[in-house]
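**Student:** Output the structure for:
(2 chains)
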2 protein chains.
Amino acid sequence: MKTKRTKVSELLQSTEFDREVLVKGWVRTKRGNKHVNFIAVNDGSTIKNIQVVADPNQISEDTLRLVTTGASISVTGKLVASQGAGQNMEIQASQLEVLGTADPEKYPLQPKKHSFEFLREIAHLRPRTSTFSAVYRMRHAMSFAVHQFFNQKGFVYMHTPIVTGSDAEGAGEMFRVTTLDAKNPPLTEDGSVDFSEDFFGKETNLTVSGQLEGELGALALGDIYTFGPTFRAENSNTTRHLAEFWMIEPEMAFYELSDNMDLAEEFLKYLAKYALDNCADDLEFLENRLLDEEKNKPATERSPMTLREKLQFVVENDFERVSYTDAVEILRNSKPNKKKKFQFPVEGWGTDLQSEHERYLVEKHFNKPVILFDYPKDIKAFYMRMNDDDKTVGAMDILFPGIGEIVGGSQREERLDVLRARMAEMHIPEEEMDWYLDTRRFGSVPHSGFGLGFERLMIFVTGLGNIRDVIPFPRTPGNAMY
Amino acid sequence: MKTKRTKVSELLQSTEFDREVLVKGWVRTKRGNKHVNFIAVNDGSTIKNIQVVADPNQISEDTLRLVTTGASISVTGKLVASQGAGQNMEIQASQLEVLGTADPEKYPLQPKKHSFEFLREIAHLRPRTSTFSAVYRMRHAMSFAVHQFFNQKGFVYMHTPIVTGSDAEGAGEMFRVTTLDAKNPPLTEDGSVDFSEDFFGKETNLTVSGQLEGELGALALGDIYTFGPTFRAENSNTTRHLAEFWMIEPEMAFYELSDNMDLAEEFLKYLAKYALDNCADDLEFLENRLLDEEKNKPATERSPMTLREKLQFVVENDFERVSYTDAVEILRNSKPNKKKKFQFPVEGWGTDLQSEHERYLVEKHFNKPVILFDYPKDIKAFYMRMNDDDKTVGAMDILFPGIGEIVGGSQREERLDVLRARMAEMHIPEEEMDWYLDTRRFGSVPHSGFGLGFERLMIFVTGLGNIRDVIPFPRTPGNAMY
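**Tutor:** Just a heads-up that it's a prediction; the model follows:
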């Protein structure tokens, strides 16, 4: 009988030695001499390689010559306990077949350090590096953890639309989706573009958020969440912006703001713990990568915690809940503010906080994750619930070490009259939002929700510094390769 | 201490009676007389309602008057074993608060039969109906089953890009994504639209498939899958077409065609069994709905199996594997073909099969799900692996009762020279696909994958007849509401 292929992740957990195994994967490195070759094979199932020992008496020189970094091979051999340092086991190859070569003169991923900039230009090959394979496996683990968390709680995963005819939230610049002739679009009598001729019979855009549609679901199914792509056509070339990114947006009927905070805190703790429990090898690798990267920085610029310490920090600490008003007082009286160390001095109530302020609260003042709540209405969206003070709304932001805001949410305004007044104040046309208002006309209930930018989370759990490196194919101004 | 809210799904599983509970939800119906009111409350957590008994001596008439279909209420009361028929328990209300009214004159979802056409026009309210809440809960269950299946097998969930700069697969008409001025786009010197001025510096579209990018992942991480939205700008107004739909596309390194079939069969059986095991109440409701709908049809047009029988049929039967060539012979010699009962007569080898042929094979000839493989190369895509006969490619389609094709897949052409020859033959420009060819240049391996249209699956598991009714906000020509 033919031996069945075993994945490397499984082999490395095996304790059953001296049996024949079949492994397939890609060569990471080959070293050795004319008497013996050591080949590190990786198949993507784990960050770790399995060592294949190839004896030139067994495997022909012609074959071994083709075993170069990046080549794919199929190896049959005996799994044995290893004598060498650095591994518990190895495979003594009896057969070795090169499935696909990788010409060392042409293959760009030779075993040496490559810059992230260079790897971004070969995003189709970068999953073959240790760093990116770790990032993508963790991206999977975090995605699954999201679904498992909500499934266990009885939430319904809801696919809100990607192409939207609604332009209500005003959360930023949008991409137009069209099939009209790009050069000569049909025109109306008054000379404007006739979108009634477009595919959907009107102007349509890519969604910036699934929240409003999510509310429709929550007000029928109780608890829902979205997890899908969202888009911003902002011309921002920073390490924190993508034109296409994935968002998780739970929305819960009968939740008030404090319930919303409870859920978000539980959710983030669950994700951090899931990473620690399920991604040990990848986390260890990424933690060491970060330590290595920061080695040459001045001590003040290094992360105060290692990657896994940061995750533990989230799991172990109760999040501090502070009103926006109290937070502004703390910041105003803080040392860096008095010593004019903040780039944006905190002068008074009413303006939005900057990342430096958020990080001060988390990393210096409270030394735990922080939930700020009850923000000034003027810096928040129309759908957030007005508080009795008529000055603040029931919004909440969760702040994390290193990155600042990771979650933003609110209780939604469920009172039809208050909502309409806010919309009028903010010049949001009611007629386009009639469907949204219907949920307040019929069986309205208190409800809340929040949004978690998935790539923001991925930066937090991987320790990578650039958002372009935590999504397989980043879309940014001027870049939509693949 | 305040009583904590319990979801209806949890209450209905309770055996602990004579305790105080708090339930919140929407009124489905109210009946009764001046001595007693029976209120059916649903909170979306289950298809079932809980009965609230309200005594006008306890709950004021002013309050009870507002308890109408669609209103939201909060009820505190004692959970007791029920005397009435049709339920095991009920709540004897001690307090009842109306959270949001639903004016019976205006609320469109009064308790009577509504047509699917009407409900499609109020897609923001239709999740409040029994049918749609069941469909959306099952959509969640099937989504979760997809993730759980692949997670258990060590697959990596990969987010392939939605906005794509690649136009390679040629799988159909695409939507353009742009931020250029719709009326006066910038022009190049030769008078064509200057897409270098567009957001991404070139013309971009919405993806039609994540497969090609998925292959990049598989050839590094081993086993990956995608689950995301895909788009077709086809002007098709049928019960089977959407402009925006969700696809699942696994891609596996080192898989040959037969491995691919094994995985797809195991996957579909897993999904069908997951539905039977986890969606009993919703399935029962949808099965009865379908029986009811088909009652008035002539016997020949009714489904030969009930909804749950169809799922059992998939779980219990080994899928029959038949080559395209053999299938054409079977069809050519079949009774309906000889008696000219097929709308499209089967005359010979080389053309694609129609839904009527696929259903004949599944429902009449084999009486089990069927996997057809080795299709003529001329009716399949460029990336499918050429067989030694030089006439067929390693493609496979899985056919199901009632709907025909549910899965399409293939072994991918991993040989660089053969792939380039096929691309030249099919006029696919190599320069745009250089990144794809790189995977065949460096460490190429045999690999395979398939695609499952999620809404096609949803039609199968819910028994609904129109694809617009298994996605919350359908996008079709002329319709992008919300």
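**Student:** Could you use CA atoms for every contact and neighbour count after this?
**Tutor:** Noted.
**Student:** Helices of the stretch 351-482 of chain A, start to end?
**Tutor:** A:355-359, A:416-425, A:434-441, A:454-462 (DSSP state H, counting those that start in this stretch).
**Student:** Report the contact partners of the closest residue to residue A:402 other than its chain neighbours.
**Tutor:** Excluding the flanking residues, the one nearest residue A:402 by CA to CA, 6 or more residues apart in numbering or on different chains is residue A:359, at 6.7 Å. The contact partners of residue A:359, taken as CA atoms under 8 Å, 6 or more residues apart in numbering or on different chains, are A:399-404.
**Student:** Try it again at 10 Å.
**Tutor:** Residues near residue A:359 by CA atoms under 10 Å, 6 or more residues apart in numbering or on different chains: A:365, A:367, A:369-370, A:399-405.
**Student:** measure it to chain B for me?
**Tutor:** 30 Å (CA to the nearest CA, to the nearest Å).
**Student:** picking that back up, from the helices of the stretch 351-482 of chain A, which stretch is densest packed?
**Tutor:** Between these, helix A:454-462 has the highest mean count of neighbours, a mean of 22, where neighbours are mean count of other CA atoms under 10 Å in any protein chain shown.
**Student:** surely residue A:194 meets residue A:203?
**Tutor:** Yes - judged on CA atoms under 10 Å, residue A:194 makes contact with residue A:203 at a distance of 8.9 Å.
**Student:** From the chain's centroid, how far away is the helix-or-strand element of chain A with minimal mean pLDDT?
**Tutor:** Least confident helix or strand, chain A: helix A:355-359 with a mean of 93, by mean pLDDT, DSSP states H and E. Chain-centre distance of helix A:355-359: 20 Å, with CA atoms, centre = their mean, to the nearest Å.
**Student:** The residue in the stretch 251-400 of chain A positioned nearest to chain B - how many residues pack around it?
**Tutor:** Per CA to the nearest CA, residue A:254 is where the stretch 251-400 of chain A lies closest to chain B, at 7.5 Å. For residue A:254, the neighbour count with other CA atoms under 10 Å in any protein chain shown is 22.
**Student:** Next, count neighbours for the residue lying closest to residue A:116 once chain neighbours are set aside.
**Tutor:** Excluding its sequence neighbours, the residue lying closest to residue A:116 (CA to CA, 6+ apart) is residue A:469, at 7.8 Å. Number of residues near residue A:469 (other CA under 10 Å) recorded here: 25.
**Student:** Hmm, residue A:475 and residue A:469 touching each other?
**Tutor:** No - counting by CA under 10 Å, residue A:469 does not reach residue A:475; the two are 11.1 Å apart.
**Student:** on that earlier part again, list buried residues within the contacts of residue A:359.
**Tutor:** Neighbour-count burial (16 or more other CA atoms under 10 Å in any protein chain shown) is assigned, among the contacts of residue A:359, to A:367, A:369-370, A:399-405.
**Student:** Report the contact partners of the residue of the stretch 251-400 of chain A closest to chain B.
**Tutor:** Contact analysis of residue A:254 by CA under 10 Å, 6+ apart lists A:218-219, A:222-223, A:260, A:411, A:444-448, B:5, B:24-25, B:74, B:99.
**Student:** and the gap between the residue of the stretch 1-150 of chain A at minimum distance from chain B and residue A:37?
**Tutor:** Nearest to chain B, among the residues of the stretch 1-150 of chain A, is residue A:44, at 3.7 Å (CA to the nearest CA). Noted for residue A:44: a distance of 22 Å to residue A:37, by CA to CA, to the nearest Å.
**Student:** Among the buried ones among the contacts of residue A:359, which pair sits farthest apart?
**Tutor:** A:367 and A:405 (15.0 Å; CA to CA).
**Student:** export the contacts of residue A:359 to JSON lines and tack on pLDDT?
**Tutor:** Below are these laid out as JSON lines (pLDDT from 0 to 100):
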{"residue": "A:365", "pLDDT": "97"}
{"residue": "A:367", "pLDDT": "94"}
{"residue": "A:369", "pLDDT": "97"}
{"residue": "A:370", "pLDDT": "98"}
{"residue": "A:399", "pLDDT": "97"}
{"residue": "A:400", "pLDDT": "95"}
{"residue": "A:401", "pLDDT": "90"}
{"residue": "A:402", "pLDDT": "87"}
{"residue": "A:403", "pLDDT": "88"}
{"residue": "A:404", "pLDDT": "90"}
{"residue": "A:405", "pLDDT": "94"}
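**Student:** tell me which of those is nearest to residue A:177?
**Tutor:** Using CA to CA, these come closest to residue A:177 at residue A:405, 30.4 Å.
**Student:** now the residue nearest to residue A:116: how far from chain B?
**Tutor:** 13 Å.
**Student:** Name the residue of the stretch 201-350 of chain A with the shortest distance to chain B.
**Tutor:** residue A:221 (3.7 Å).
**Student:** Now the phi/psi pair for the closest residue to residue A:348 other than its chain neighbours, please.
**Tutor:** Ranked by CA to CA, 6+ apart and with sequence neighbours excluded, the top spatial neighbour of residue A:348 is residue A:328, at 6.9 Å. The phi/psi pair for residue A:328 (degrees, to the nearest 10) reads phi -60, psi -40.
**Student:** got a list of what the residue nearest to residue A:435 when sequence neighbours are not counted touches?
**Tutor:** Spatially, and ignoring its direct neighbours in sequence, residue A:435 is nearest to residue B:124 (6.4 Å; CA to CA, 6+ apart). Shown in contact with residue B:124 (CA under 10 Å, 6+ apart): A:213-217, A:219-220, A:435-436, A:438-439, B:472-473, B:481-482.
**Student:** Could you check the pLDDT of the residue lying farthest from the centre of chain A?
**Tutor:** Largest separation from the mean C-alpha position in chain A: residue A:57, at 48.7 Å (CA atoms, centre = their mean). Residue A:57 is assigned a predicted lDDT (pLDDT) of 95.
**Student:** again with residue A:19
**Tutor:** So residue A:19 comes in at 96 (pLDDT).
**Student:** That one and residue B:83: what is the separation?
**Tutor:** Taken as CA to CA, the span from residue A:19 to residue B:83 is 66 Å.
**Student:** And the lengthiest strand in chain A, what's buried?
**Tutor:** Secondary structure assigned by DSSP state E gives strand A:19-32 as the longest strand of chain A. Across strand A:19-32, burial judged by 16+ other CA under 10 Å covers A:20-30.
**Student:** show me what contacts the residue nearest to residue A:348?
**Tutor:** A:322, A:334, A:346-353, A:357.
**Student:** And stretch A:273-286, what's buried?
**Tutor:** Of all the residues in stretch A:273-286, those buried under the rule 16+ other CA under 10 Å are A:273-276, A:279, A:282-286.
**Student:** Likewise for stretch A:103-113?
**Tutor:** A:103, A:107-110.
**Student:** try stretch A:134-154
**Tutor:** A:134-151, A:154.
**Student:** What about the residues you listed, which are in helices?
**Tutor:** Per DSSP state H, helices hold the following members of these: A:134-151.
**Student:** Can you narrow these down to the ones near chain B?
**Tutor:** For chain B, the contacts drawn from those by CA under 10 Å from any CA of the partner chain are A:134, A:136-144, A:147-148, A:150-151.
**Student:** where does the stretch 301-450 of chain A come near chain B, residue by residue?
**Tutor:** A:414-416, A:432-433, A:435-436, A:438-446.
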